[in-house]
Each structure stands twice: as structure tokens, then as C-alpha cells.
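Asker: next come a sequence and a model predicted from it.
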Amino acid sequence: NGIKACIMLEELNELTGMEYDAWSIRIDKGDQFKSGFVNFNPNSKIPAIYDQSNQARVFESGAILLYLAEKYDNAFLPTDPVGKAECMSWVFFQVGAGPYYGGGGLSHFKGRAPIAWEYAIDRYTIETKRILDVIEKNLEEKMYFCGNEITIADFMHWKWTKGLIEQEYLTGTDDEEGKPAYPNIKAWVDRVGDRPAVIRAQRVLGWGEGALTERHSKDDFDQ
């Protein structure tokens with residue numbers, strides 16, 4: 001989930017020039033349970049941010065993205081009531097869907113549970129496929145979740161959805177007519193993933209070539 005906040009911060013850096021500091025929280029080593037982090041998120045989950053200018057802590061991905069969007073003149077957030085409602089509906093859709101395919105659902109029972117519980121795997125596989133079908137339908141004739149402009153809804157969904165469509169047991173290779181599965185989602189995943197800010201955000205998370213251990217300015221990417 002940390003990628004959601006990192007994408008937003010890097011996109012804001014590109015849009016406004018704002019800078020931020022990012023430190024690694026090693027959840028595999030229990031950093032999230034230490035008092036220094038719990039002060040920012042009492043639920044001990046990443047991500048969390050602290051805005052020194054407002055002395056505000058913000059935790060939960062959706063809350064972070066909305067806070068940052070509103071702080072920076074509604075960046076990546078529609079300003080008209082109908083457009084904002086649509087965007088926030090998709091933000092909360094991801095908040096509600098995440099547990100079905102995340103650490104409390106399919107991801108756990110398929111890959112981490114000590115026993116293979118067929119009922120749980122089938123239950124969460126069916127629901128995950130249903131969620132992918134909803135997203136695929138929404139992306140028909142659209143570049144992004146809410147139209148032809150990228151929004152925080154796209155930042156919320158991108159990484160998890162990308163991971164799901166890379167799993168052949170969910171998507172298969174082709175449908176009965178020989179067409180690729182989820183073509184709208186796959187095109188959207190590539191479109192978002194090609195953005196320079198999204199590429200940098202993954203490096204901030206410590207992923208892939210040129211991974212960073214900390215990030216304090218855009219110059220860090222050139223070292």
C-alpha cells in the first residue's frame with residue numbers, strides 16, 4: 001500500500017515542485033510496531049505521513065491521497081461535485097475491495113496460509129474476478145478510472161490491480177473467443193506505469209533497478 005502515497009507524492013513533486021522526505025519502514029522486521037511509527041499511525045500499518053507545515057499526521061492510503069490533493073489545489077481530484085463524487089466512489093471501492101484480494105483474503109489463503117483451504121481460495125478467487133470485471137467494464141472507452149484525466153482513484157488501484165492481472169490463475173491467457181483477458185485493464189496498467197512519477201515512486205519503495213533506501217529530494221534519483 002505504500003506505493004499509493006509514493007505515487008501521489010512524486011506526481012505532486014512533478015506538478016508543483018514540492019519536496020518531501022521518505023524513510024523506509026521495514027515491515028518484515030517489525031518497524032511498524034515501534035513507537036516512532038505508531039505515533040503517526042496507531043494501527044501500525046503503512047503508509048503514514050506527517051505534514052510539518054500543519055503538524056498533521058495522516059494515515060490510511062485514501063485519507064493521505066485526499067489530504068494531499070486538497071492541500072495542493074485539488075491536484076488529481078475533480079473540483080465539480082459530480083466528478084469528485086465519482087472519483088471518491090472509486091477510491092472507496094478500492095478500500096472496500098482490498099481485503100478480498102489482499103492480506104486478509106486471496107493473497108493470504110492462496111500464498112501464505114499454512115494449509116490450502118479450498119473453500120476460502122474459491123470464495124476469494126470468485127470475488128476477485130468479479131472485482132476485476134467491474135474495473136474492466138469501467139475502463140471501457142476511458143484512459144483512466146474517471147475519464148481522460150488521471151486522478152487519485154488511479155493511484156489507489158494501480159499496483160494491486162497490476163499484480164492481479166499478472167496472475168494466470170485469475171486471468172487465464174485468452175477467453176473463449178481467443179481475445180486477451182482484461183484488455184482495458186492491461187492498457188490502463190501500462191499507461192499509468194509508464195508515467196515518470198510512477199517509475200520514481202517504485203524506486204522510493206526500494207523496488208527494482210536504482211532502488212533508494214531513503215528519499216529527500218528529486219536529486220536522489222541521479223545518484
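Answerer: Right, received. Where do you want to start?

Asker: mind listing the strands for this protein?
Answerer: 22-23, 48-51, 56-59, 214-215 (DSSP state E).

Asker: got a markdown table for those, with mean neighbour count too?
Answerer: Every C-beta, even on glycine, is put in place using the N, C-alpha and C of the backbone. Shown next, in a markdown table, are the strands of the chain (neighbours: other CB atoms under 10 Å):
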| stretch | mean neighbour count |
| --- | --- |
| strand 22-23 | 16 |
| strand 48-51 | 18 |
| strand 56-59 | 16 |
| strand 214-215 | 18 |
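
Asker: turn the ones you listed into JSON lines, including mean pLDDT and distance to Lys34.
Answerer: What follows is the strands of the chain, written out as JSON lines (pLDDT from 0 to 100; distance: least, CB to CB, whole Å):
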{"stretch": "strand 22-23", "mean pLDDT": "95", "distance to Lys34": "12"}
{"stretch": "strand 48-51", "mean pLDDT": "97", "distance to Lys34": "12"}
{"stretch": "strand 56-59", "mean pLDDT": "97", "distance to Lys34": "15"}
{"stretch": "strand 214-215", "mean pLDDT": "94", "distance to Lys34": "17"}
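
Asker: as JSON lines, the ones you listed with distance to Val189 would be great.
Answerer: Listed next are the strands of the chain as JSON lines, based on distance: least, CB to CB, whole Å:
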{"stretch": "strand 22-23", "distance to Val189": "24"}
{"stretch": "strand 48-51", "distance to Val189": "25"}
{"stretch": "strand 56-59", "distance to Val189": "27"}
{"stretch": "strand 214-215", "distance to Val189": "24"}
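
Asker: report the distance from the helix or strand of the chain with the lowest mean pLDDT to the chain centre.
Answerer: Counting by mean pLDDT, DSSP states H and E, the chain has its least confident helix or strand at helix 168-171, which shows a mean of 72. Computed by CA atoms, centre = their mean, to the nearest Å, the chain-centroid distance of helix 168-171 equals 20 Å.
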